[in-house]
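K.L.:
Below: sequence and its predicted model.
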Amino acid sequence: MAEEAKILATIPRNATEQLQISINSYKEKKYLDLRIYYTTDDGASWLPTKKGVTVSPDNLMLLKDAVEEAMQELASELEE
């Protein structure tokens, strides 16, 4: 039986789309999934699209470093 995804964060894009950041597993291996979800029933249910990225645990430090660099680069935008 497949393990249920653990949703870490949800970032709204507009009224019918959101980015879900979650930990999923496939063939007993876990990975980070960043995927666009959509709704057609005012948010009662959310369905995944093909638009997304999976990150293996081996690449999490690269992603973390890139996000930290982006935060430094965009610090002035974050303060507004």
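P.N.:
Nice, I can see it.

K.L.:
contacts, neighbours, all on C-alpha from now
P.N.:
Noted.

K.L.:
Low-confidence stretches in the protein?
P.N.:
Scanning the chain for pLDDT under 70 picks out 1-2, 79-80.

K.L.:
which stretches of it form helices?
P.N.:
60-73, 75-79 (DSSP state H).

K.L.:
Go through these and name the closest to residue 5.
P.N.:
Closest to residue 5 of the helices of the chain is helix 60-73 (CA to CA; 17.5 Å).

K.L.:
how many other residues sit next to residue 65?
P.N.:
As a burial measure, residue 65 scores 11 neighbours (other CA atoms under 10 Å).

K.L.:
Including distance to residue 15, could the helices of the chain go into JSON lines?
P.N.:
Output for the helices of the chain, formatted as JSON lines (distance: least, CA to CA, whole Å):
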{"stretch": "helix 60-73", "distance to residue 15": "26"}
{"stretch": "helix 75-79", "distance to residue 15": "23"}
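
K.L.:
Quick check: which of these is buried the most?
P.N.:
Across the helices of the chain, averaging neighbours per residue (mean count of other CA atoms under 10 Å) puts helix 60-73 on top, at a mean of 12.

K.L.:
Run through who's touching that one.
P.N.:
residue 78 (CA atoms under 8 Å, 6 or more residues apart in numbering).

K.L.:
6 Å - rerun?
P.N.:
Outside helix 60-73, no residue is within contact range by CA atoms under 6 Å, 6 or more residues apart in numbering.

K.L.:
Could you tell me how far the nearest residue to residue 7 once chain neighbours are set aside is located from residue 52?
P.N.:
Spatially, and ignoring its direct neighbours in sequence, residue 7 is nearest to residue 22 (4.2 Å; CA to CA, 6 or more residues apart in numbering). Distance, residue 22 to residue 52, by CA to CA, to the nearest Å: 11 Å.
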